[in-house]
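**Student:** okay, structure incoming, though there's no sequence with it:
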DNA sequence: CATGAATGAGCTTTCATTCAT
DNA sequence: GATGAATGAAAGCTCATTCAT
C-alpha cells in the first residue's frame, strides 16, 4: 500500500507517476522494470519515490489495484446485477467488457493478464492469492444459480468450471489480440470483432465442439 | 546452440550443468536467473560457462530443447500415429502424457509452460514463434481429419479451435497441480487423478457445459 | 558530458576525481584505464561514478575538455590577438606556451598529445574531428594574413602548411621531453631550454635545412 | 621471439597466422587485440598459439619484425647505397618508398606507424628503443656526409635534424592518406600523387616556408 | 515533505594464459 | 607437436534502496 504521502499528492502528480509506472511495467515486466527509469520518466526525485512507496513491489501492487478499479468501471449493467440474467449472458458480458477494456487500455490489460498467466512468479502469486477468494465466490454464486435454473449441466464440478471460465477469459484476450486483430484489423468494426470473438468462446463453452449428430454419449 | 565444447563434455558433467540450469530457471525464471549461481551450483568456472554457451539465452534455449526432447519420450503409442485414432482419444492422450511428464519432471514442465504462458516475453516469443508453425500444422491435420470423419462440428473456425486446444492444454496442467494435487494429494492414485483431470477437460471440450435439455438455441 | 550530479559536486571532490582520472588515463591510456582503479583511487563508490558520468568515454571527454581549458590559460598575450603580430612570432608563442603548459602539466599534455598522435583510435578520431574545423580555420586565417604580408612563400599549399605546423607542434613536445630534458635536465634553465627548442623548430620552418650557398634551385 | 615450433611450421600455416595477426592488430591495436579472435581466424588451437609464441607481446614483436623486413624490400636502389647520392635525393627516396609500401600494405604500414606515433605505450617504447640506435646511426652518417658536401646548413643540430626527419616521415604518411587520397582519389595516378606529396615535404625541408625576398635574417 | 547523492552487491561477459592429454 | 577445456581475475555497468540535508 502506498504511503500517506502518495495519497496526499495532488491528483495530477499522482497520475503522472502511475502512468510512468504503467508504461514501465507494461514494457519491461515486474522484474526488469527499473525504478530509475520510472522516476526519470515522471520527473520525481528518487528519494520521493521511497517516500510514496515502500518499494518496487508496493508500487506494482498499487498499480494493479488501480487497473482493477479501472476495469470495474467497464463492467456493463448486466454485471452489476449478475443474478438477474441468464448465465451465458452474464459470461458474455464479462468477456466482452474485458475485451473492451483491453482495447481501450492495452497496457493495463497486459499487466492484468500477466498476473493471471504468470502466477508462478512470487509477486503474482501473492496478488493472485489475495483476490482469489473473491473471484471464486463470485463465480460460485453465478454457477450455483445457473444450475438451479437448469442452465448448466449438473454433472460438472464447480471448482473445475471456475477454472475453465477463468482460463478461457484470458484465452479470449489472446485470441482477439493475436488472431483477430492481427489478421484483420479494421478500425471501424472493433465492437463487431469483439462480439464475434466473445461469441466464439461463449458458444464453445456452451456446446463444446463435438458433432451432436455423431454423438452417442 | 551450445558450442562444441559443451557437446564434447563427459555426459555426467553435461547433465550436472543442465540440471543446475534447470533448477535455476525453474526457480527464478529467465530474467532473474543468475549465471553466477548456476556456475557455483555445478562447480564450473565462470569462464568455462562461456566456453560452453554463447550466453544466458543460449543456455536457456538449449535447456528448452532438452525439455522438448524429454517430453517427446512421454508420448503414448496413440500419439505416434495420431491419425489412426479418434480425435478425442488423441487429445486425451496428449493431455494425459503432458500431465504424466509434468508429474515426473515438474521443473521441466514449469519452464516449458512458461514459454507458452509468458509469450509476451521477448525470449519466449522468439522460441514460441520458431515452434508455432509445426504445432499449428499438427493440429490442423488432426482437426481436418476429425471433421471429415464427422467427429467435430463443422461450424467452428479451425484457427479458433487450435487456440482453444492449446490454451486448455495449459489449463489442464494448472488445474491438476493447483486444484487436484493441491486438494487431495495421494501418492498411490496419481495416474487415476491425472486421468480424471484429463477427462474433465476432454468432456468439456466435447460437450460444453450447457444443459442439453434446457438448451433452446 | 558529465551529468549534473558531477557538476553539483563540491569543488574539492570534483578535483579529486578529475585528478584520479588524469593519473589513470595518463598512465594507462583510454583502453587500459580501469574505472575500478579510478574509483578506488578517489574513494568513491562505483555506483557514484556512474551517477557522475555516462561511461568511461564520458569521463575521458570531460577530462580532455578540462585539459583544453587549462591549456588556453597558458596562452600568451601574443596569441590573444594573433593577427597583430608577425606570423613566426605567433607560431613561436604557440609552440612556447604549449611547451610551458606541458612542463607544468605533464600528464595533461601527454593525454592531449595522444589525441593528436593516436588519431586512428575511434575515441580520438571522434574528439579530433570535433575540434578539427576550429583549428584549421584558425591556421587558415593566420596563413592567409601572413601571405598577404609577404611573410610566407606563396607557392605553398595552405592545407599542407597547416598539416606541417600541427605535426611539428607535436614534434616540438617530443624533442623537448625526449632529447633536451632527457639529456640535460637543469631545473634552473627550463624557460631557456624551452625557448631554445622552440627556436630550433621555428627557424627550421622558416628557412628549411639546405645550405643557401650550395642551393641551386 | 617466436619459439622454434613456429619457425618449423609449414610456410603456409605461418603466413596464415601472421596474416590473422596483422588483421587483428591493425584493426584493434595491441591492447584491444584478442588472441581468441586471432586463433579463431586462422583456425589454430589456443594451446598451439602458446607453443608458437611466448605471449601476445611475442607475436606482436614478431609481426613488427616481419613488417620491417617487408618494408626493406621496397627500398629503392638509391637507398641501397645512400652515400652515393645527394642528401635530398636519398630523403626523397626514403619517403617515397615508405609511401609506396603503405599504399600496397596499408595494414602493415598502419601498425608500423603506431610504433612511432604511440611510443609512450610500454610495448612500443620497448620496440622503439631497440631500433633507435640503428636508425639514428643511419641518419647521422647521412647528415654528416651531407654537411661535408655542403648540402646542408652547418648550424643545425644533428640530433634535432634526425628528429625532424623522422617526424616528417610520419607526417608524410598522414598527409598522403588523410588529405591527398581523401580529397582526390584516382586509381590511375597513385605514383604521381605519392611523388607530389613527397616533393611537398622535401621542398619544405629544404627551403622552409618563409618568403626569401621578405626575409631579413 | 522533497531531494538527489551515495552505496556496494550484483550483473553478464571477455581475457590471456595454463596444462593434462 | 597439437589440442582445447579450464581457469578466475577483471572488465564496464545497473540496480533497488538509504539517508543526510
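**Tutor:** Received the coordinates, thanks. No experiment lies behind these values; they were computed from the predicted model shown.
**Student:** okay, residue A:62: pLDDT?
**Tutor:** Note for residue A:62: predicted pLDDT of 94.
**Student:** that one: neighbouring residues, count only.
**Tutor:** 20 (other CB atoms under 10 Å in any protein chain shown). All C-beta spots, glycine's among them, are computed from the backbone N, C-alpha and C.
**Student:** not counting sequence-adjacent ones, nearest residue to it?
**Tutor:** Leaving aside its sequence neighbours, residue A:62 sits nearest to residue A:2 (CB to CB, 6 or more residues apart in numbering or on different chains; 5.0 Å).
**Student:** looks to me like the one you found is in a strand.
**Tutor:** No: counting by DSSP: H, G, I helix; E, B strand; the rest coil, one finds residue A:2 to be coil, located in no strand.
**Student:** where does it fall, phi/psi-wise?
**Tutor:** phi -60, psi 150 (degrees, to the nearest 10).
**Student:** so how far is residue A:174 from the nearest residue to residue A:60 once chain neighbours are set aside?
**Tutor:** Spatially, and ignoring its direct neighbours in sequence, residue A:60 is nearest to residue A:30 (5.7 Å; CB to CB, 6+ apart). Distance, residue A:30 to residue A:174, by CB to CB, to the nearest Å: 20 Å.
**Student:** look up phi and psi at residue A:86.
**Tutor:** Phi and psi for residue A:86, reported as degrees, to the nearest 10, are phi -50, psi 140.
**Student:** swap that for residue A:9, sorry
**Tutor:** When read as degrees, to the nearest 10, the backbone of residue A:9 gives phi -70, psi 150.
**Student:** count residues in the vicinity of it, would you?
**Tutor:** Applying other CB under 10 Å, we find 17 residues neighbouring residue A:9.
**Student:** isn't it up against residue A:53?
**Tutor:** No: at 11.5 Å, residue A:9 does not count as touching residue A:53 under the criterion of CB atoms under 8 Å.
**Student:** domain ranges for chain A?
**Tutor:** A:4-66, A:74-207 (automatic domain parsing).
**Student:** in CSV: these, plus distance to DNA strand E.
**Tutor:** Putting the domains of chain A into CSV (distance: least, CB to the nearest atom of the strand, whole Å) gives the following:
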stretch, distance to DNA strand E
domain A:4-66, 1
domain A:74-207, 16
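**Student:** so which of those gets nearest residue C:99?
**Tutor:** Among the domains of chain A, the nearest to residue C:99 by CB to CB is domain A:4-66 (46.1 Å).
**Student:** so how far is the closest one off the chain centroid?
**Tutor:** Distance of domain A:4-66 from its chain centroid, counting by CA atoms, centre = their mean, to the nearest Å, is 20 Å.
**Student:** span of it from start to end?
**Tutor:** Chord length of domain A:4-66, first to last residue, is 16 Å (CA to CA, to the nearest Å).
**Student:** which elements pack onto the helix of greatest length in chain A?
**Tutor:** As assigned by DSSP state H, the longest helix anywhere in chain A is helix A:122-148. Of the remaining helices and strands, those touching helix A:122-148 by 3 or more CB pairs under 8 Å, 6 or more residues apart in numbering or on different chains; DSSP states H and E are helix A:56-72, helix A:87-104, helix A:106-117, helix A:158-174.
**Student:** what's in contact with the first one?
**Tutor:** The set of residues that contact helix A:56-72 without belonging to it, under CB atoms under 8 Å, 6 or more residues apart in numbering or on different chains, is A:1-2, A:6, A:18, A:21-22, A:25, A:30, A:33, A:35, A:38, A:49, A:52-53, A:98, A:101, A:105, A:108-109, A:111-112, A:115, A:123, A:127, A:131.
**Student:** again with stretch A:118-136
**Tutor:** A:30-31, A:57, A:60-61, A:64, A:68, A:114-116, A:162, A:166, B:29, B:110, B:114, B:117-118.
**Student:** type out the PyMOL command that picks the buried ones from these.
**Tutor:** The buried residues among those can be selected in PyMOL (16 or more other CB atoms under 10 Å in any protein chain shown) with this line:
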select buried, (chain A and resi 30+60+61+64+114+115+116+162+166) or (chain B and resi 29+110+114+117+118)
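**Student:** restrict the contacts of stretch A:118-136 to those near DNA strand F?
**Tutor:** Applying CB under 7 Å from any atom of the strand to the contacts of stretch A:118-136, one finds that residue A:57 fall near DNA strand F.
**Student:** just the mean pLDDT for the longest helix of chain A, thanks.
**Tutor:** 89.
**Student:** could you list the buried residues of that helix?
**Tutor:** For helix A:122-148, a neighbour-count test (16+ other CB under 10 Å) marks A:123, A:124, A:127, A:139, A:142, A:143, A:146, A:147 as buried.
**Student:** that helix: how far from the chain's middle?
**Tutor:** On CA atoms, centre = their mean, the centre of helix A:122-148 falls 13 Å from that of its chain.
**Student:** give me the angle between that helix and helix A:158-174.
**Tutor:** With axes from the mean of the first three to the mean of the last three CA atoms, to 10 degrees applied, the angle from helix A:122-148 to helix A:158-174 works out at 120 degrees.
**Student:** and helix A:122-148 with helix A:87-104, angle?
**Tutor:** Angle between the axes of helix A:122-148 and helix A:87-104 is 150 degrees (criterion: the same axes, to 10 degrees).
**Student:** so is helix A:122-148 next to DNA strand F?
**Tutor:** No: for helix A:122-148, no contact with DNA strand F is found by CB under 7 Å from any atom of the strand; the gap never falls below 11.3 Å.
**Student:** my read is that residue A:52 contacts residue A:13, right?
**Tutor:** No: counting by CB under 8 Å, residue A:52 does not reach residue A:13; the two are 9.7 Å apart.
**Student:** more neighbours: those two, which one.
**Tutor:** Neighbours per residue, other CB under 10 Å: of residue A:52 and residue A:13, the larger number sits with residue A:52, 21 against 15.
**Student:** phi and psi next, for that one.
**Tutor:** Per-residue torsions, residue A:52: phi -90, psi -40 (degrees, to the nearest 10).
**Student:** also the one 3 residues further on?
**Tutor:** Dihedral pair for residue A:55: phi -170, psi -170, per degrees, to the nearest 10.
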